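> Sequence plus the predicted model coming up.
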Amino acid sequence: MFLGEYQHTLDPKGRVILPSAFREELEGGLVMTVGLDHCLTVHSREGWEEVVNGLRALRTTDRRERMFARMLTASAQAEELDRQGRITIPARLRDYADLRGNVAVIGADSRIELWNAEAWEAYRSEAMADFAATERPFDVGGAF
């Protein structure tokens with residue numbers, strides 16, 4: 001499980017360090033791809049297999065489902081952590097998520113999300129305002 005929010009910097013070679021708390025689960029390799037809301041998602045190899053199994057369950061006869069599966073798999077990039085715990089993000093994925101300079105590294109349960117730090121701040125502010133205004137919270141097992 002990936003939890004927390006971290007700020008890191010993209011280096012000139014397109015590498016970003018992942019938090020030490022995330023590295024053990026990624027030792028067997030990882031897969032990154034495009035995510036919703038113009039972020040990137042990073043999955044452990046095992047987690048990626050679960051994503052692919054979900055994609056296989058989509059209807060290939062439905063244009064939108066077919067497109068969704070195609071975009072996730074076509075954009076996917078297998079990667080290994082280097083000795084410093086960094087991953088190299090291909091230029092096409094950096095461009096999609098507008099990653100440059102500061103990168104927000106977000107633990108999102110079964111995946112990691114990589115965000116342009118400014119875009120993350122705007123998204124988080126909007127989401128927290130909506131969260132605070134929620135009259136009837138979601139049923140999350142009595143947590144609220």
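That came in fine, so what should we check first? Numbering: from 1, shown residues only.
> residue boundaries of the helices in the chain?
Using DSSP state H, the helices assigned to the chain run over residues 20-23, 45-56, 63-75, 91-97, 117-132.
> between these, which gets nearest to Arg111?
helix 45-56 (6.4 Å; C-beta to C-beta). Bear in mind the C-beta positions are built from the backbone N, C-alpha and C, glycine included.
> Could I get the buried residue list for the closest one?
For helix 45-56, burial by neighbour count (16 or more other C-beta atoms under 10 Å) applies to Gly47, Trp48, Val51, Val52.
> doesn't Trp48 make contact with Thr41?
No - here Thr41 does not reach Trp48: they are 9.5 Å apart, not a contact under C-beta atoms under 8 Å.
> what comes into contact with stretch 46-65?
Contacts of stretch 46-65 with the rest of the structure, by C-beta atoms under 8 Å, 6 or more residues apart in numbering, involve Gly28, Leu30, Val31, His43, Arg66, Phe68, Ala69, Leu72, Thr73, Ala76, Ser110, Arg111.
> Quick one: buried ones out of the residues you listed?
Neighbour-count burial within the contacts of stretch 46-65 applies to Leu30, Val31, His43, Ala69, Leu72, Ala76, Arg111; the criterion is 16+ other C-beta under 10 Å.
> Now render those as TSV, adding pLDDT and distance to Val103.
Formatted as TSV, the entries for these read as follows, by pLDDT from 0 to 100; distance: C-beta to C-beta, whole Å:
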residue	pLDDT	distance to Val103
Leu30	98	16
Val31	98	18
His43	98	17
Ala69	94	27
Leu72	95	21
Ala76	97	19
Arg111	97	15
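> farthest-separated two in these?
Leu30 and Ala69 (19.6 Å).
> Can you pull the poorly scored residue ranges out of the protein?
Counting by pLDDT under 70, the chain contains low-confidence ranges at 136-144.
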